[in-house]
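> Attaching a predicted model along with its sequence, questions to come.
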Amino acid sequence: MTVYHNGTLRLTGSEGATQIYTVDGGDVWVVYSSHEEKTRYKFRGGAVQYCDENIWR
């Protein structure tokens, strides 16, 4: 997984094996490299965009 951001992004907790990140301003772009990554990370708040197109092919 690759994460690009131009604001504040911080790890704020977890739910089981899922890590939760909070976006406090700015934009976040998340590029997943596997299906498993989508279930292991959550992003809350702010403007978040995801890209997982490459893992579906």
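Perfect, thanks for sending it. Numbering: from 1, shown residues only.
> going forward, measure contacts between C-alpha atoms and count neighbours the same way
Will do.
> Now Val28: which helix or strand?
Taking DSSP states H and E as the definition, one finds Val28 inside strand 27-31.
> Describe which strands that strand pairs with in its sheet and in which direction.
Using DSSP bridges, the strands paired with strand 27-31 are strand 2-5 (antiparallel), strand 47-51 (parallel).
> quick one, strands of the chain?
2-5, 8-15, 18-24, 27-31, 41-44, 47-51 (DSSP state E).
> now stretch 40-54: mean pLDDT?
Stretch 40-54 carries an average pLDDT of 84.
> I'd guessed Thr18 sits against Glu37; true?
No: using CA atoms under 8 Å, Thr18 makes no contact with Glu37, being 9.4 Å away.
> joint contacts of these two?
Here Thr18 and Glu37 share no contacting residue, scored by CA atoms under 8 Å, 6 or more residues apart in numbering.
> if we can go back for a sec, ok, which of the strands paired with strand 27-31 comes nearest Ser33?
strand 2-5 (8.0 Å; CA to CA).
> Now tell me what touches the closest one from outside.
Residues outside strand 2-5 that contact it (CA under 8 Å, 6+ apart): Gly26, Asp27, Val28, Trp29, Val30, Val31, Tyr32.
> and Thr8, how far is that from Ala47?
Distance, Thr8 to Ala47, by CA to CA, to the nearest Å: 11 Å.
> How about His35?
22 Å.
> out of the two, which sits in the busier spot?
Ala47 (15 against 11; other CA atoms under 10 Å).
> who does that one bridge with?
Going by DSSP bridges, Ala47 forms beta bridges with Asp27.
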